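Peer 1: Sequence plus the predicted model coming up.
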Amino acid sequence: MKKLLSLILCAALVCCAVLPCFAAGRFDDGAYASVLTGSDFQALGTEAYERFGRLLGRMKADGLETPDSMLVGGDYTKILFDYAIPGISQIRGQLTAQYPDADPERVVCIQGNHDNPASGFTKTGFYDMGIYNLYVINEDDFPWLQGLRPGIDLHVKKIAADLEEKLNGLISAGDMRPVIVMTHLPLHHTSRVLYSDNKYASYIFNVLNAAGRTLDIVFLFGHQHSGDYDDYIGGSVNFMAPGDTIRVPRTDWAGEDCYTNETLTFTYTNCGYVGYSDNTASDTSTNVLTLGVLRFTEREIRVIKYTEDGCYRADTVARKHTASGQTGGGVSRLFEKLWVLENNIFLRIFEIFLKIRAALSF
């Protein structure tokens, strides 16, 4: 009898732990659109891109329908500065291999701090994506090492002013579709204090927090996979909801305490790190590698992170305005023929490099 009771209790505990994520992982929540998110495909060769394909396959096996679009938050290689062109091509190829109906031109890729700015990224600015509105900011416009870049504060202020104009325009027009804002750098305070990595994040944060009182905003970022900077908010998988307290860097000085505590009005989460993570694995932090997906329903936004083992975390945010699915919108084409030509040339050179490297290793 004791053994039977123990088995029942163990089964109950397992169900309690698994069922909430399993329900979200099955993607049967009545969503009218899904947006894939990922960043930091940093590993030598194709390792990260192969993992991306496996992550996609796991999501598809759990019932994810063809995504509306995909948003990639920068950094396409660990050591090669100019791998973004073939990297983005591989992302598009893996996506359409799993989902033949997916539109590769709705794969929006921005620049990270390891990327050549001449690689044809979606330009900084506002895009009507039909289902949602999107504002992307490339690394050149909101760069790392901000404390070492004289005059960059004025540039970030200019970007923040344009973002504010666009968000206020949506509010004035009564456009209550979800808004996704994506940069490579985060907005929260981290231990990268010696060079005040995102020193002027408050300029963007203040704009989002003001508009977030009215609009359903989701902020996405990458960058924070290469150290224990985010252990205090979950490590490689982090999520903060409206009402949570966030540490925002101060602009007047740098140090361990150079932040103010602010109450979020918008959803805040990383894209999902695909290549590698050096965050700490503990009871309060993780270094798992994930791909993310945003699910839009009439009344909620679901934020889901997937590992190769399945759904890792699922969070739900109530929408400020109910809305039905909308279609249309898109991003400008990125000179597709030139893109393919550059990609083929680069891959040939990279294949030769790997062969030489392999030969010299013996």
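Peer 2: The structure has been received and is ready for your questions.
Peer 1: element containing the nearest residue to residue 41 once chain neighbours are set aside?
Peer 2: Of all residues beyond its chain neighbours, the one nearest residue 41 is residue 48 (4.1 Å), with distances taken as C-beta to C-beta, 6 or more residues apart in numbering. Backbone N, C-alpha and C define where each C-beta goes, glycine included. Using DSSP states H and E, residue 48 sits within helix 47-61.
Peer 1: If you average the pLDDT over the next helix-or-strand element following that helix, what comes out?
Peer 2: Sequence-wise, the next helix or strand downstream of helix 47-61 (DSSP H and E) is strand 69-72. Strand 69-72 shows a mean pLDDT of 98.
Peer 1: thinking again about what came up before, OK, contacts around the residue nearest to residue 41?
Peer 2: Residues near residue 48 by C-beta atoms under 8 Å, 6 or more residues apart in numbering: 41-42, 274-276.
Peer 1: residue boundaries of the strands in this structure?
Peer 2: 33-38, 69-72, 107-109, 125-128, 133-137, 179-183, 217-221, 239-240, 245-249, 259-263, 267-270, 291-296, 300-307, 310-318 (DSSP state E).
Peer 1: coming back round to it: how far away is the residue nearest to residue 41 from residue 273?
Peer 2: 9 Å (C-beta to C-beta, to the nearest Å).
Peer 1: cool, residue 109 as well?
Peer 2: 15 Å.
Peer 1: swap in residue 77?
Peer 2: Taking C-beta to C-beta, one finds residue 77 at 14 Å from residue 273.
Peer 1: between the two, who's got more neighbours?
Peer 2: residue 273 (32 against 23; other C-beta atoms under 10 Å).
Peer 1: so that one makes contact with residue 292?
Peer 2: No: using C-beta atoms under 8 Å, residue 273 is not in contact with residue 292; the gap is 9.7 Å.
Peer 1: quick one: common contacting residues for these two?
Peer 2: What both residue 273 and residue 292 touch, as defined by C-beta under 8 Å, 6+ apart, is the set residue 38.
Peer 1: tell me the contacts of residue 285?
Peer 2: Counted by C-beta under 8 Å, 6+ apart, residue 285 has contacts 228, 230-232, 234-235, 279.
Peer 1: let me fix that: residue 287
Peer 2: Contacts of residue 287 by C-beta under 8 Å, 6+ apart are 235-236, 277-281.
Peer 1: Now do the helices in the chain.
Peer 2: Using DSSP state H, the helices of the chain run over 2-25, 47-61, 84-98, 152-173, 201-211, 336-360.
Peer 1: Lowest mean pLDDT across these, which one is that?
Peer 2: When I compare the helices of the chain, helix 2-25 is least confident, with a mean of 45.
Peer 1: wait, residue 96 sits on residue 107?
Peer 2: No: Residue 96 is beyond contact range of residue 107, at 9.2 Å (criterion: C-beta under 8 Å).
Peer 1: More neighbours: which of those two?
Peer 2: Neighbours per residue (other C-beta under 10 Å) separate residue 96 from residue 107, with residue 107 holding more: 22 against 15.
Peer 1: beta partners of the more buried one?
Peer 2: residue 70 (DSSP bridges).
Peer 1: Kindly state the pLDDT recorded for it?
Peer 2: The model's pLDDT for residue 107 equals 96.
Peer 1: try the one 4 residues further on
Peer 2: The model reports residue 111 with a pLDDT of 94.
Peer 1: How much space separates residue 186 from residue 127?
Peer 2: Counting by C-beta to C-beta, the gap from residue 186 to residue 127 is 21 Å.
Peer 1: between the two, which one's more packed in?
Peer 2: Legend: neighbour count by other C-beta under 10 Å for residue 186 and residue 127, higher for residue 186 (26 against 20).
Peer 1: Can you give me the separation between the more buried one and residue 270?
Peer 2: Distance from residue 186 to residue 270, by C-beta to C-beta: 7 Å.
Peer 1: any common contacting residues for these two?
Peer 2: With C-beta under 8 Å, 6+ apart, residue 186 and residue 270 have common neighbours 221, 224, 230.
Peer 1: Take those residues and write them to TSV, including neighbour count.
Peer 2: Below are these laid out as TSV (neighbours: other C-beta atoms under 10 Å):
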residue	neighbour count
221	26
224	29
230	25
